[in-house]
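Undergrad: got a predicted model here, sequence first, then my questions.
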Amino acid sequence: MLRIHFGDADLGRTRIAAAPDPLWEIASSLHRLQSRRGRWAYAGWYRTARQQIRDKGLTPLVRGVLLPLYPRAEYFPDFLTPVNAMDGLDAGMESILATPPERILEEVSILDRTVGAPSWAARLAEPVVRKEFTGMLRAYHEAVVVPHQETVQARIEAERAVRSRGILDGGVEGMLAGLGPMMRWRPPVLEVAYPTQAEDRDLHLNGRGLTLVPSYFNWGEPVAFADPELPPVLWYSLLHEPDARDAAHASPFGVEAPAKSLTTLLGRARAVALYAASAGATTGEMARAAGVSASAASRHATALRDAGLITTTRHGPSVLHTLTPLGASMLREAQRRVGGMP
């Protein structure tokens, strides 16, 4: 178990990342390739990722370089997932390139003692080798992560909408209390499930706050930096439904299809339900906005979800509906054409 200790200042400095951490998604997607755990949730991605790796000639790179550096184990080097990557892939790559050689050697040594490091890993301390390595990461990211980035971003925005509800209802502590099932808030400590083979440890924030980073490809236990002196970051898994649902994004409507207003295309109640989801809405809120019964709103939500226009996330006893990228594009297009809201 990881115990994260908060002070009053830490609660005020805790935030949820607005976008996926590209270097962490690289790492956790490599873990998905190494494990059958949760395979049902990534079935579509797994098939296309393996095909892309083969088609682009990346199989030797993945097997010989990336998988040995990112083992699905209790440790892999912290410098591979720098905190600056939350500002984008380029910022993360610059951080890897700027990592002091002595830190790389120390972390590669820990990897070697923990699960074994490849014999060439210590050469990453050399700037030229490190630059070549970041080029490999870019090639993998382009092939395996980028094709799914709209789905990933939509899921993270839905997660942020749910956590925002927690903040509105109970402040930051209310948000922390709703982070389960792998985390439990026992003021002033956030208890985090960690791999069973890992030792219990404590992380004292000491006024630095905590950055929570929802991760699409992470599966199971949340993960923090091994080095407690690094900025406090906690990557945690989104709750997944079967990947087959991603097929719903291939909606027959299409982004450019609606030449009429949403009201004409979907009907007034369903169009209002879609608009309500743009800010995150429960089924009850959809019903009140559209002036229909809760059961009718639930049917509208199901139709919109099946068409790939909204995604649904459980929030306590209720569910929260938010737009998918397709739903957001459709709403923007309708507003542009008719110059107003549904």
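TA: Ah, there it is. Residues are numbered from 1 along each chain as shown.
Undergrad: what segments of the stretch 1-150 of the chain are strands?
TA: 2-5, 15-16 (DSSP state E, counting those that start in this stretch).
Undergrad: most packed of those strands?
TA: strand 2-5 (a mean of 18; mean count of other CB atoms under 10 Å). (C-beta placed from N, C-alpha, C; glycine too.)
Undergrad: how far does that strand sit from its chain's centre?
TA: Distance of strand 2-5 from its chain centroid, counting by CA atoms, centre = their mean, to the nearest Å, is 21 Å.
Undergrad: and that strand, what does it pack against?
TA: strand 189-192, strand 201-204 (3 or more CB pairs under 8 Å, 6 or more residues apart in numbering; DSSP states H and E).
Undergrad: name the residues that touch it?
TA: By CB atoms under 8 Å, 6 or more residues apart in numbering, the residues outside strand 2-5 that reach it are 188-192, 194, 200-205, 210, 222, 224, 232, 234.
Undergrad: now with 6 Å?
TA: Here strand 2-5 makes contact (CB atoms under 6 Å, 6 or more residues apart in numbering) with 189, 190, 191, 192, 194, 201, 202, 203, 204.
Undergrad: pull out the buried members of these.
TA: 190, 192, 194, 203 (16 or more other CB atoms under 10 Å).
Undergrad: the spatially closest residue to the last one that is not a sequence neighbour and residue 23: what is the separation?
TA: Think residue 203. In this structure, residue 203 finds its nearest non-sequential neighbour in residue 4, 4.9 Å apart by CB to CB, 6 or more residues apart in numbering. According to CB to CB, to the nearest Å, residue 4 stands 22 Å off from residue 23.
Undergrad: just flag the most distant two among the contacts of strand 2-5.
TA: 194 and 204 (16.4 Å; CB to CB).
Undergrad: one step back: among the contacts of strand 2-5, show me the least confident.
TA: Least confident of those in the model: residue 194, at 78.
Undergrad: I'd assumed that one was in a helix, is it?
TA: No: using DSSP: H, G, I helix; E, B strand; the rest coil, the assignment for residue 194 is coil, not a helix.
Undergrad: residue 236 should be in a helix, yeah?
TA: No: Residue 236: not assigned to a helix; according to three-state DSSP it is strand.
Undergrad: now it, nearest residue through space, not along the chain?
TA: residue 222 (3.9 Å).
Undergrad: surely residue 11 touches residue 172?
TA: Yes: using CB atoms under 6 Å, residue 11 is in contact with residue 172, at 4.7 Å.
Undergrad: which one's the longest helix in the protein?
TA: helix 149-177 (DSSP state H).
Undergrad: which residues of the stretch 51-200 of the chain fall in helices?
TA: 59-61, 67-69, 89-97, 101-114, 127-140, 149-177 (DSSP state H, counting those that start in this stretch).
Undergrad: which one of the ones you listed lies closest to residue 121?
TA: helix 101-114 (4.6 Å).
Undergrad: next SSE after the worst-scoring helix or strand of the chain on mean pLDDT?
TA: One helix or strand of the chain scores below all others by mean pLDDT, DSSP states H and E: helix 262-266, with a mean of 68. Counting by DSSP states H and E, the element after helix 262-266 in chain order, helix or strand, is helix 268-277.
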